[in-house]
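**Q** What would the 3D arrangement of this be:
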Amino acid sequence: MRTINVLVLACLGLFVISTAQAEVSEYKLDNGLKLIVVEDHRAPVVISQVWYKVGSSYELNGTTGVSHVLEHMMFKGTQKLEPGEFSRIIAANGGRENAFTSRDYTAYFQRLEKSRLKVSFELEADRMRGLQLTDEEFQKEVRVVMEERRLRTEDKPESYTYEQFNAVAQITSPYRTPIIGWMKDLESLTVDDLKVWYQRWYAPNNATVVVAGDVKGKDVYQLAKQYFGPLKPSKDIQAPKPQTEPKQKGQRRIQVKMPAQLPYLLMGYPVPSLSGANPEWEAYALEVLAGVLDGGDSARLPTRLVRQGLLTSAGAGYSLDSRLSGMFLLEAVPVQGGTIKKAEEVLMKEVQALQDKMVTKAELERIKAQVVASNVFERDSIFYQAMQIGVYETVGIGWKRLDEYVEKIQAVTPEQVQAVARKYLVPDHLNVAELVPLPMDSQSRRQQAAGGQHGRH
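**A** Okay, the predicted model is just below:
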């Protein structure tokens, strides 16, 4: 039993106030399914999420995209339900549902009135082991995914550049392949590929069910035993082989030339996530470092580069909660008439400044407050309480370490921020992707305008 505190940030400092506390209980069924229940009684609603420990980083060459296509197929019928009936039942019970695939997991969720939790459990248990994968439905859905890929990646210059960047910046890491899959792999994917993937990974001993809302842990446990308890575990689940990225020994640079309105620069350095950081504090220092550069309107990139007219936009990013090591990213769009070379120069100047001189305590405290605030305000949402627990648990960090986040961020020192900047943001580890705009015709403009409007999942 643990407690998640809801935090309030005052403008003159950080204060922990137990305005609402959520009891968190963990259970495990005999078939290996893990259940985590967050009791939050502020509203008569319940969030139910099923997390499978499989995503694009588990896939093999030739079948990339299989996890995402299978996510779509999970709504296409079981031995008991017709295609689309799952969603109709949830809607008829006043609920909302959706799903998403990432590099490290695939998750399905519903938001319902609290008395309808059993509806979610019955439906999710049914499709956990009873999915009907027909070639007819597969052929329809894989075409939907191909179109999604065209609209969201191939017709979106920045997204396409990001995809190409990942493929070049990482040599052995499975993060180099896109979550949606390569188009040629989607074209050759078969329903039998999905059947193998489903039978192996979609099983109670590879799933975590997270429930958050106006419920009692023991009641949810009894409900889970009723619906998920009879399901048989998979015998084929094995942890993926280690795929450690070799040390980079020089810069890697690529150009992407395609019709686009503006040039775009993406830069990245290999860095550890929390699950692989040694010492651990480096992950939290990298989180703060990203905040120093891009943690709100008062951070360095917006104040020094964008508002000064040196760049149209600029950003920095770091994922602390991934299963494998990833990238510390910097991105920029030059000003009108500016160049990618100039954009890179001003970004590198900010990196050098972090390495040469420690951030002041005043700046660090301001950034820490903003980093913590973002995390805290998410955890004030019932949905995101469940979401964070699901992520931490599924990537192998462990949900109980969520309670450490605020303390660990507050413990980061100026010396540690400078240390990770010097250790990881070094020239020989730099990866650069440059989008070189080609002239756009009317069709390219229409395609890029439509790119962000597609897709339910």
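**Q** got any ranges where this structure has weak pLDDT?
**A** Within the chain, the segments meeting pLDDT under 70 span 1-21, 442-457.
**Q** sec struct for the residue lying farthest from the centre of it, please.
**A** Most distant from the centre of the chain: Gly337, at 34.6 Å, with distances by C-alpha atoms, centre = their mean. State at Gly337, reduced to three classes by DSSP: H, G, I helix; E, B strand; the rest coil: coil.
**Q** ditto for the one 5 residues further on
**A** Here Lys342 is recorded as helix under three-state DSSP.
**Q** how about it, what does it touch?
**A** Going by C-beta atoms under 8 Å, 6 or more residues apart in numbering, Lys342 touches 310, 334. (Each C-beta comes from the backbone N, C-alpha and C, glycine too.)
**Q** Quick check: chain neighbours aside, which residue is closest to the residue nearest to the spatial centre of the chain?
**A** Taking C-alpha atoms, centre = their mean as the criterion, Ser102 is the residue nearest the geometric centre of the chain, at 5.8 Å. Using C-beta to C-beta, 6 or more residues apart in numbering and skipping residues adjacent in sequence, the residue nearest Ser102 is Gly55, 5.0 Å away.
**Q** That neighbour contacts Ser67, doesn't it?
**A** Yes. At 5.3 Å, Gly55 counts as touching Ser67 under the criterion of C-beta atoms under 8 Å.
**Q** intersection of neighbour lists for these two?
**A** 101, 106, 179.
**Q** Make CSV out of these and add secondary structure and distance to Val271.
**A** Listed next are these as CSV, based on DSSP: H, G, I helix; E, B strand; the rest coil; distance: C-beta to C-beta, whole Å:
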residue, secondary structure, distance to Val271
Thr101, strand, 24
Thr106, strand, 25
Ile179, coil, 20
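**Q** Just send the residues you listed back as a markdown table, with neighbour count and distance to Ala167 too.
**A** Output for the shared contacts of Gly55 and Ser67, formatted as a markdown table (neighbours: other C-beta atoms under 10 Å; distance: C-beta to C-beta, whole Å):
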| residue | neighbour count | distance to Ala167 |
| --- | --- | --- |
| Thr101 | 23 | 18 |
| Thr106 | 26 | 22 |
| Ile179 | 20 | 13 |
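**Q** Looking at those, which one is closest to Tyr202?
**A** Among those, Thr106 lies closest to Tyr202 (C-beta to C-beta), at 8.7 Å.
**Q** in the sheet, who's paired with the closest one?
**A** Tyr52, Thr101 (DSSP bridges).
**Q** Now do the same contact list for it.
**A** Shown in contact with Thr106 (C-beta under 8 Å, 6+ apart): 51-52, 54-55, 67, 70-71, 99-100.
**Q** one more time with 7 Å
**A** 52, 54-55, 67, 71 (C-beta atoms under 7 Å, 6 or more residues apart in numbering).
**Q** can you list the domains in this structure?
**A** 2-227, 252-453 (automatic domain parsing).
**Q** With distance to Pro242 added, can I get these in TSV?
**A** Converted to TSV, the domains of the chain look like this (distance: least, C-beta to C-beta, whole Å):
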stretch	distance to Pro242
domain 2-227	10
domain 252-453	9
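**Q** Ramachandran coordinates for Leu293?
**A** Backbone geometry at Leu293, expressed as degrees, to the nearest 10, gives phi -80, psi -40.
**Q** Not counting sequence-adjacent ones, nearest residue to it?
**A** Ala316 (3.9 Å).
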